[in-house]
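In: Generate coordinates for the sequence data below:
(2 chains)
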Protein chains: 2
Amino acid sequence: MRVAGVHRRSIVAANHGRSIEIIDQRALPHALVSATLATTEDVARAIREMWVRGAPLIGAVAAYGVCFALRDDPSDAALDRACLDLVATRPTAVNLRWALEEIRRAVVAAPVGRRLDFGWRRAAAICEEDVAINEAIGRNGLPLLRVLFARKPMGQRLNILTHCNAGWLATVDWGTALAPIYMAHDAGIPVHVWVDETRPRNQGALTAWELGQHGVPHTVVVDNAGGHLMQHGMVDVCIVGTDRVTAVGDVCNKIGTYLKALAAMDNGIPFYVALPYPTIDWAAEDGLTSIPIEERDPAEVHCVEGLRTRAPHGAAGARVRERVRIHPTTSSASNYAFDVTPARLVTALITERGVVAASREGLASLYPDREVAKSGAASFMRS
Amino acid sequence: MRVAGVHRRSIVAANHGRSIEIIDQRALPHALVSATLATTEDVARAIREMWVRGAPLIGAVAAYGVCFALRDDPSDAALDRACLDLVATRPTAVNLRWALEEIRRAVVAAPVGRRLDFGWRRAAAICEEDVAINEAIGRNGLPLLRVLFARKPMGQRLNILTHCNAGWLATVDWGTALAPIYMAHDAGIPVHVWVDETRPRNQGALTAWELGQHGVPHTVVVDNAGGHLMQHGMVDVCIVGTDRVTAVGDVCNKIGTYLKALAAMDNGIPFYVALPYPTIDWAAEDGLTSIPIEERDPAEVHCVEGLRTRAPHGAAGARVRERVRIHPTTSSASNYAFDVTPARLVTALITERGVVAASREGLASLYPDREVAKSGAASFMRS
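Out: Got it, this is the predicted structure:
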């Protein structure tokens, strides 16, 4: 999507087999900083420390991470070690496991001398496929927004609430939840987005930045506000992304998503979840019991990072980043990163193949050709 | 309650008719700073800028604020002007209007030369009554916690979730929602409190500080986390305070309360609301349409204040407060301060008179002697 009017992707692999360039999202929304990743360990750190985040993007970046390992040692052992190192970086998004499995499959079929080349091409294909998928999600979601807008009184904008960042920064391009919104905006529908700030990591700031760069009207709200907005007719539809959808349509997404889905249900507001097929975990059924929920550093809860609002002495005009502690130093915190929204609260799933009920039947109707995994573990995890 | 082992109240009126001492809560939890208020304008600013906050406390402080006006000019006109200035500081908590009306009633009955004295005594009585009320709320709420604890497997603690700060810092002493929790802790029940951080103003930091000073085990969580905790059996009961309860039991409280009530209902967890009788607005029925919801400065959403985590150059060891901006400078924000939880989501109300259903019948059964206001406006607002 556009940054300062110029098209940009969240990951660029210009240097065949050697390195990729990503956006270090920790510096956003205050600065656009690129980073070069050239080793498996670079990639693992970038995922773990959330230089890159978003289920589709971490899958794509991890795919390249495997390739870096093959550059020095194209053996099966090195391949499996890289996959295991990378899959351990973040436990919840199933796209990561899927992408690693895809690369592994492409590589093991190749002659040892050409494994890097085969892997790299598959990683590039994963990126291209992600862009095409998200564009299709946008096309499939757009009619839903058109219908809702057509029902609004003349002259009123369509109010969409989203949680976390499921935009192009969370994918290679377009985004999942934001793809239909970008397309609606580009099609001339007057959309306005309520952006949940999404504590503790404030990914709402990424969403606000993305939308602002593309010219989409939006307003940031605290995570507490969505229920009030919905009670007062200020939200027409919710759209969120997801890190893992089970075979029965339970949706795991950023912590707090469940609360918004409850409020949407209580107020008769449609709640859509946008996802690419690699986000579906066919081996998982009940989301509450089958999906590992990542627990992150309590410091993310205790502290907030941002730009100083007062210029420091002796550094006139400098845009200085600062990290401040909110809570008493004697208090502990817990930091669950995701929650599960039961399928019963989801109006429909928007995928690259179409819009269906969040149910076993709905998903099966779209993916009759799905590969049913007998176990939740990828092949490199079973040995 | 206790601060560093010493008993302390949130407001002290040692200087008859001249000034009161409050805690400037903007400096908490990082520093305990007292402030002296000596004029009506001092009080109005302290309420508006949230040096003091919490429905019962702002009522008590405002009562003294009227007295300061009478010191120089004990006329009816000065009285009404002070009441109007003070009632305008924050629109949602009905305790403010109630306290001003109480002072006005005490003062207009007095000889002009003794108005300050009568007003001051009534303000002091409001403070004493607040402490007694909250102690009674604690006594009435304690058996509810005992019953829930008795149902827990041996050796497990009782997990209580609260939102915002309804502790002694929000009242003169004890608190409303926290009063039963303090009493349970003091009675030897192993309680543990999940403290919602309560963006945007982070009153959870006040709750964490209070609980920490009193030795009550607690864990801070982001506002997004409560649903997940409830889905996984990690919350036994929710208790919150309120800024206004309507005659039918709808509960207006800090933004985000409604979302927690929805999650409690969805998971079969009791959701209690603790309140003193001045929080009941007998003239209001449907909370969603009858309660004015304060909108505050968007800067509260964009920015967070806290203690620097890195010591600044040249100021070794200094505990420096800093305000940082989270969101893009080009994004706007909205900042609704309260929401309404419909009575259907409230398990029961805990008041100084007992525990009742959140309904017209429930409230009427506790307050058969209630003064039914024909209009929502106080007498000084009707002229």
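In: Write down the beta-bridge partners of the residue lying closest to residue A:309 once chain neighbours are set aside, one by one.
Out: Distance criterion CB to CB, 6 or more residues apart in numbering or on different chains; nearest residue to residue A:309, sequence neighbours excluded, is residue B:323 at 4.6 Å. The way it works is simple: take the backbone N, C-alpha and C, and place the C-beta from them, glycine included. Legend: beta-bridge partners of residue B:323 under DSSP bridges are residue B:305.
In: Next, count neighbours for residue B:323.
Out: 17 (other CB atoms under 10 Å in any protein chain shown).
In: Kindly report the residues of the stretch 251-383 of chain A close to chain B.
Out: Proximity of the stretch 251-383 of chain A to chain B (CB under 8 Å from any CB of the partner chain) is limited to residues A:254-256, A:258-260, A:262-263, A:266, A:288, A:293, A:301-310, A:312, A:321-328, A:330-336, A:338-340.
In: Write the PyMOL selection for whichever of those residues are buried.
Out: Only the buried entries of those go into this PyMOL selection, using 16 or more other CB atoms under 10 Å in any protein chain shown:
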select buried, chain A and resi 254+255+256+258+259+260+262+263+266+293+301+302+303+304+305+306+307+308+322+323+324+325+326+327+328+331+333+334+335+336+338+339+340
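In: In space, what's closest to whichever residue of the stretch 1-150 of chain A sits closest to chain B - neighbours in sequence excluded?
Out: With CB to the nearest CB, the shortest gap between the stretch 1-150 of chain A and chain B falls at residue A:29, namely 4.2 Å. Spatial nearest neighbour of residue A:29, excluding adjacent residues (CB to CB, 6+ apart): residue A:209 at 3.6 Å.
In: Can you list the buried residues in the host helix or strand of the one you found?
Out: Applying DSSP states H and E as the criterion places residue A:209 in helix A:204-214. With burial defined by 16+ other CB under 10 Å, the residues of helix A:204-214 counted as buried are A:204-214.
In: pLDDT score for residue A:310?
Out: Residue A:310 carries a pLDDT value of 77.
In: show me what contacts it?
Out: By CB atoms under 8 Å, 6 or more residues apart in numbering or on different chains, residue A:310 lies in contact with B:322-323.
In: May I have the secondary structure class of it?
Out: Taking DSSP: H, G, I helix; E, B strand; the rest coil as the rule, one finds residue A:310 in the coil state.
In: Touching whichever strand or helix holds residue A:103 from outside, list them.
Out: Here residue A:103, judged by DSSP H and E, is contained in helix A:94-108. The contact list for helix A:94-108 (CB under 8 Å, 6+ apart) reads A:47, A:55-56, A:58-60, A:62-63, A:66-67, A:70, A:74, A:76, A:79-80, A:83, A:86-87, A:89-90, A:115, A:118-119, A:121-123, A:126, A:243-244, A:276, A:278-281, A:284, A:378-381.
In: again, only this time at 6 Å
Out: A:55-56, A:58-59, A:62-63, A:66, A:79, A:83, A:86-87, A:115, A:118-119, A:122, A:126, A:244, A:278-279, A:281, A:378, A:380 (CB atoms under 6 Å, 6 or more residues apart in numbering or on different chains).
In: Is residue A:237 bridged to anything, and to what?
Out: According to DSSP bridges, beta-bridge pairing links residue A:237 with residue A:160.
In: Check the offset of the helix or strand containing residue A:121 from the chain's centre.
Out: Using DSSP H and E, residue A:121 sits within helix A:115-150. Distance of helix A:115-150 from the chain centroid (CA atoms, centre = their mean, to the nearest Å) equals 13 Å.
In: buried stuff in it?
Out: Using 16+ other CB under 10 Å as the test for burial, helix A:115-150 gives A:115-120, A:122-124, A:126-127, A:129-131, A:133-138, A:140-142, A:144-145, A:148-149.
In: Repeat that for stretch A:88-100.
Out: Using 16+ other CB under 10 Å as the test for burial, stretch A:88-100 gives A:89-100.
In: Now do the helices in the stretch 151-300 of chain A.
Out: For the stretch 151-300 of chain A, helices defined by DSSP state H, counting those that start in this stretch occupy the ranges A:178-186, A:204-214, A:226-231, A:257-266, A:287-290, A:299-302.
In: hmm, who's touching the fourth one?
Out: The contact list for helix A:257-266 (CB under 6 Å, 6+ apart) reads A:163, A:226-227, A:230, A:238, A:240, A:271, A:339, A:341, A:345, B:227, B:259, B:262, B:266.
In: That one vs helix B:257-266, what angle?
Out: 90 degrees (axes from the mean of the first three to the mean of the last three CA atoms, to 10 degrees).
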